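Asker: Fold the stuff below for me.
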Amino acid sequence: CYNWWKAPIDQLNLKELYEQDEHFAEFINLFSVMRDKKIAAISSMHAPMDEDVRSTFPLRYGPNLQ
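Answerer: Numbering: from 1, shown residues only. Alright, predicted model coming up:
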């Protein structure tokens with residue numbers, strides 16, 4: 001089970017092929033999660049920090065307007 005990477009792919013049985021596929025799927029999922037976290041971190045570093053919040057909403061939603 002844990003030596004699936006040592007056998008040539010043409011010598012694996014169907015169960016071992018499914019296990020190998022699961023390992024690759026887990027790796028791809030982990031890679032995607034790490035990539036998305038990195039993108040989110042980079043995006044948040046470039047987000048405007050000094051922008052007035054009220055300026056992002058139309059005036060009718062201001063604190064004294066309804």
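Asker: For the rest of this, base every contact and every neighbour count on C-alpha atoms.
Answerer: OK.
Asker: how near is residue 15 to residue 27?
Answerer: 19 Å (Cα to Cα, to the nearest Å).
Asker: would you list every one of the strands in the chain?
Answerer: For the chain, no strands are identified by DSSP state E.
Asker: what ranges do the helices span in it?
Answerer: 14-45 (DSSP state H).
Asker: Tell me where it is predicted with low confidence.
Answerer: 1-7, 46-66 (pLDDT under 70).
Asker: neighbours of residue 33, just the number please.
Answerer: By the criterion of other Cα atoms under 10 Å, residue 33 has 12 neighbours.
Asker: I'd like to know how far it sits from residue 43.
Answerer: On the measure of Cα to Cα, residue 33 and residue 43 end up 15 Å apart.
Asker: do the same with residue 27
Answerer: Between residue 27 and residue 43 the computed distance is 24 Å (Cα to Cα).
Asker: Could you do residue 29 as well?
Answerer: From residue 29 to residue 43 the distance is 21 Å (Cα to Cα).
Asker: ok, now residue 31?
Answerer: Relative to residue 43, and taking Cα to Cα, residue 31 is found at 18 Å.
Asker: Could you do residue 11 as well?
Answerer: Counting by Cα to Cα, the gap from residue 11 to residue 43 is 46 Å.
Asker: now residue 9
Answerer: For residue 9 relative to residue 43 (Cα to Cα), the value is 41 Å.
Asker: So what's the residue count around residue 14?
Answerer: Using other Cα under 10 Å: residue 14 sits among 9 other residues.
Asker: With residue 20 instead?
Answerer: 18.
Asker: Next: residue 35.
Answerer: Number of residues near residue 35 (other Cα under 10 Å) recorded here: 12.
Asker: residues in contact with residue 25?
Answerer: For residue 25, the contact set (Cα atoms under 8 Å, 6 or more residues apart in numbering) is empty.
Asker: Could you check how far it is from residue 13?
Answerer: In terms of Cα to Cα, residue 25 sits 18 Å off from residue 13.
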